[in-house]
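Participant: Provided below for reference: sequence and predicted model.
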Amino acid sequence: MQHENTMEKIISLAKRRGFIFQGSEIYGGLAGTWDYGPLGVALKNNIKKLWWKRFVEARSDMYGMDAAILMRQEVWQASGHVSGFSDPLVECTKCKRRFRADHLEDKKKCPECGGLLGDEKQFNMMFKTHVGAAEDASAISYLRPETAQGMFVNFKNVLDTFHPKLPFGMAQIGKAFRNEIAPRDFLFRTREFEQMEIEYFVTPGEWKEKFEHFRTEVWNFTKDIGLSQEKIHELEVSDADRAHYSKRTIDFEFDYPFGKKELYGLAYRTDFDLKSHSEKSGQDLSYFDETTKERFLAHCIEPSFGVDRTFLAVLTDAYHEDELGLKPSSNEDGSPEAGEKRVYLKLSPEVAPIKVAVFPLLKNKPTLVEKAREVFEVFRKQGGAVAFDDNGNIGKRYRRQDEIGTVLTITIDFQTLEDNSVTVRDRDTMKQIRVSGENLERRVSEVLAGVKIFDSF
Ligand code: GAP
């Protein structure tokens with residue numbers, strides 16, 4: 001099928017070019033885990049930086065957090081995860097394979113061996129562990145299945161140390177773990193992943209207004225990372241499908257190559273969590289309004305973003321095979337060879353792991369290499385995200401940079417040595433222009449920031 005083909009190509013590129021490797025690969029892999037390589041971590045960090053900038057740094061009502069992954073088991077009892085965070089599981093009576101019941105069309109027949117499937121059971125998705133040397137029930141802990149609870153349990157700490165007035169929020173980026181029955185679709189459903197979450201506390205009467213505010217902000221964030229807007233769709237989650245804590249949820253779905261699937265969630269969690277933690281811990285988690293002299297439990301709006309699903313959306317959206325590459329051309333000018341497709345990642349400059357690559361035209365001419373190194377160092381000192389490449393002919397180097405989404409490439413040739421001019425090439429159009437080397441870093445930054453268009457270099 002077409003989409004499987006596309007996903008295979010993307011997964012292969014991600015591995016070949018050092019974005020994503022299979023978890024524990026040399027031992028045969030660990031299902032539902034993936035490792036981010038050098039380019040992957042750079043892209044992922046760029047996504048997280050943009051999120052933190054929009055939702056924490058650019059606001060005066062948001063408090064950043066980084067809570068521990070391990071928490072007391074009472075946290076998960078109060079949140080409802082111990083009793084209710086489960087998926088329906090069925091086991092084949094013949095081959096003993098296990099499946100998520102709600103993913104099966106025929107709930108009686110094993111999709112692998114045709115055997116009879118057993119009765120549906122609830123399978124709790126939390127990874128259980130023991131803290132310390134004791135292995136008794138009191139030492140039980142869980143790897144957190146959502147970052148959210150780390151914020152609810154610190155609500156009082158933030159109130160007592162910063163004395164914020166409602167509305168205000170807490171924001172956190174961190175790992176979450178779910179023992180998914182059926183991890184699938186590359187980074188989409190994994191057992192270890194990262195979330196970027198906000199718990200935004202409001203008075204009960206203003207939840208609708210703030211819900212709408214974050215609805216717009218979710219869309220704005222998708223623009224920050226350059227996602228195609230037409231591939232994102234809102235879904236009003238029905239009463240039956242909402243999580244136990246939510247009175248209203250909108251899912252933001254994305255058109256992945258394997259179908260329209262959940263990217264983010266926006267939920268109105270009411271006072272469910274603060275109430276449960278107040279009751280379970282015996283601590284007063286209420287808020288006192290100085291103006292109205294009222295004491296009440298704050299309500300919560302929760303925009304929740306998966307980092308890995310964002311990464312996958314960005315990667316699949318950016319993946320392009322350029323038909324232009326089919327026309328015969330010389331690869332000396334950076335075009336693919338005749339009959340080949342040009343593969344490139346059309347990443348926005350904000351998220352691209354490498355923004356600029358610098359090449360000497362020929363690797364065996366020391367004067368060219370020295371000048372190219374000089375230019376490279378200037379960009380590197382400015383803040384990294386720059387590559388130096390003198391390997392193979394220039395056409396091959398362009399193709400390598402295109403494949404990882406490098407936005408601009410700068411070539412140093414013999415004319416550079418005479419008048420300091422360089423050739424700059426644009427990834428998306430493959431257009432090359434000869435420009436003066438004066439203030440090159442500033443002009444490159446302006447084009448990358450979208451302040452100037454490529455043609456106005
Ligand atoms: N605190 C709310 C919460 O955790 P969720 O809808 O279960 O809600 C939020 O998860 C987001 O976390 C999802 O929209 C998705 O982006 C990401 N996510 C959830 N499960 C995931 C998994 N198994 N693999 C990768 N990302 C996942």
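Facilitator: Good, I have the coordinates. Numbers count the residues shown, from 1 in each chain.
Participant: where does this structure have low pLDDT?
Facilitator: Scanning the chain with the threshold set as pLDDT under 70 gives 1-2, 324-339.
Participant: need the residues of it near the ligand, please.
Facilitator: Contacts of the chain with the ligand, taken as CB under 6 Å from any ligand atom, map to 146, 148, 178, 180, 189-190, 193, 195, 197, 262-265, 302, 304, 306, 308-309. C-beta coordinates here come from the backbone N, C-alpha and C atoms, glycine included.
Participant: pull out the buried members of those residues.
Facilitator: 146, 148, 178, 180, 189-190, 193, 195, 197, 262-265, 302, 304, 306, 308-309 (16 or more other CB atoms under 10 Å).
Participant: which of these fall within strands?
Facilitator: Of the positions in those, 193, 195, 197, 262-265, 302, 304, 306 sit in strands, assigned by DSSP state E.
Participant: with respect to the ligand, which of those residues is nearest?
Facilitator: Nearest to the ligand, judged by CB to the nearest ligand atom, of those is Gly306 at 2.1 Å.
Participant: grab the nearest non-local neighbour of Ser24.
Facilitator: Leaving aside its sequence neighbours, Ser24 sits nearest to Leu30 (CB to CB, 6 or more residues apart in numbering; 4.2 Å).
Participant: I figured that neighbour hits Phe21, correct?
Facilitator: No. Assessed by CB atoms under 8 Å, Leu30 is found out of contact with Phe21, at 11.6 Å.
Participant: check which helices and strands the host helix or strand of Phe211 is in contact with.
Facilitator: If you go by DSSP states H and E, Phe211 is part of helix 207-224. When contacts are defined as 3 or more CB pairs under 8 Å, 6 or more residues apart in numbering; DSSP states H and E, helix 207-224 sits against helix 38-52, strand 192-202, strand 232-236, strand 248-256, strand 259-270, strand 299-306.
Participant: quick one, which of the ones you listed gets closest to Leu117.
Facilitator: strand 259-270 (24.1 Å; CB to CB).
Participant: from the centroid of the protein, which residue is nearest?
Facilitator: Val307 (2.7 Å; CA atoms, centre = their mean).
Participant: spatially nearest residue to that one, not counting backbone neighbours?
Facilitator: Nearest to Val307 is Glu194, by CB to CB, 6+ apart, at 3.8 Å.
Participant: and that neighbour, what does it touch?
Facilitator: 44, 48, 173-176, 306-308 (CB atoms under 8 Å, 6 or more residues apart in numbering).
Participant: try it again with 7 Å
Facilitator: Taking CB atoms under 7 Å, 6 or more residues apart in numbering, we find Glu194 in contact with 173-176, 307-308.
Participant: same list (those residues) but as TSV, adding distance to Gly80.
Facilitator: Below are these laid out as TSV (distance: CB to CB, whole Å):
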residue	distance to Gly80
Ile173	23
Gly174	20
Lys175	21
Ala176	16
Val307	24
Asp308	24
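Participant: of the residues you listed, which is the nearest to the ligand?
Facilitator: Asp308 (5.0 Å).
Participant: and the closest one, how close does it get to Phe188?
Facilitator: Asp308 is 8 Å from Phe188, where distance means CB to CB, to the nearest Å.
Participant: residues in contact with the residue nearest to Asp413 when sequence neighbours are not counted?
Facilitator: Among residues not flanking Asp413 along the chain, Leu361 sits closest, at 4.1 Å (CB to CB, 6+ apart). With contacts defined as CB under 7 Å, 6+ apart, the neighbours of Leu361 are 368, 394, 411-413.
Participant: by neighbours, which of those wins?
Facilitator: Tallying neighbours with other CB atoms under 10 Å puts Ile412 at the head of the contacts of Leu361, with 29 neighbours.
Participant: related to what we said a few turns ago, what's the closest of the contacts of Glu194 to His3?
Facilitator: The closest of the contacts of Glu194, once distances to His3 are taken by CB to CB, is Asp308, at 18.9 Å.
Participant: could the contacts of Leu361 go into a markdown table alongside secondary structure?
Facilitator: Output for the contacts of Leu361, formatted as a markdown table (DSSP: H, G, I helix; E, B strand; the rest coil):
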| residue | secondary structure |
| --- | --- |
| Leu368 | helix |
| Ile394 | helix |
| Thr411 | strand |
| Ile412 | strand |
| Asp413 | coil |
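Participant: so which of these is the closest to Arg98?
Facilitator: Ile394 (52.7 Å).
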